[in-house]
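1. Give the three-dimensional model of this entry:
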Amino acid sequence: MEITGGCLCGSVRYRSTAAPITTRVCWCRLCQYLGAGSGTVNVCFATATFTREGATTVHASVAESGNPMQRSFCPRCGTPLFSATEARPHLVFVRAGSLDDPELARPALTIWTAEAPTWACFDARLPSAAGQPAAATPPP
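-> Down below sits the predicted model:
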């Protein structure tokens, strides 16, 4: 299996040779900034299966979970692309909107619902967590 994606202008491209580990909708306050007011849909891949081409700019911050984060975006068009944390170097999170085929990123969980605005819409079919759930782990 090969999954591909990239930024709006095409300067950054990526691919994974394995299926996503999980996909989550995140409503933490930082993701609301990235999502222009909405939550973000984040697709988790094993770093070992993931390659990228093209330069990105990194914004470092500390997430609500306490984890130091590096969020990467295209310096040319501004598309948010990736998140990574030192706490889980074996994982990379990709913004679902950057996938060539976003149908591959069906969410399995909604997280940080406690930080969502009152008008946020949640898929009632998905389980949810008020804060940070247990870490995603690659399949064996």
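
2. Not counting its own residues, what contacts the lowest-mean-pLDDT helix or strand in the chain?
-> Scoring the helices and strands of the chain by mean pLDDT, DSSP states H and E places helix 29-34 at the bottom, with a mean of 89. Contact with helix 29-34 is made by 38-40, 42, 61, 63-64, 69, 71, 80, 95, 112, 115-117, as judged by Cβ atoms under 8 Å, 6 or more residues apart in numbering. Bear in mind the C-beta positions are built from the backbone N, C-alpha and C, glycine included.

3. How about the contacts made by the residue nearest to the spatial centre of the chain?
-> Centroid-nearest residue in the chain: Asn42, 2.7 Å away (criterion: Cα atoms, centre = their mean). By Cβ under 8 Å, 6+ apart, the contact list for Asn42 reads 23-26, 31, 83, 93-96.

4. What strand or helix carries it?
-> Element membership for Asn42 (DSSP states H and E) is strand 40-46.

5. Tell me how far that strand lies from the chain's centre.
-> 4 Å (Cα atoms, centre = their mean, to the nearest Å).

6. hey, C-alpha coordinates of that strand in CSV?
-> C-alpha atoms of strand 40-46 as CSV (Å, rounded to 0.1, in the frame of the first residue of the first chain):
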residue,chain,number,x,y,z
THR,A,40,-8.1,19.1,13.0
VAL,A,41,-8.2,15.6,11.5
ASN,A,42,-4.9,14.0,12.2
VAL,A,43,-3.7,10.7,10.5
CYS,A,44,-1.1,8.8,12.4
PHE,A,45,1.6,6.9,10.5
ALA,A,46,4.7,5.0,11.7
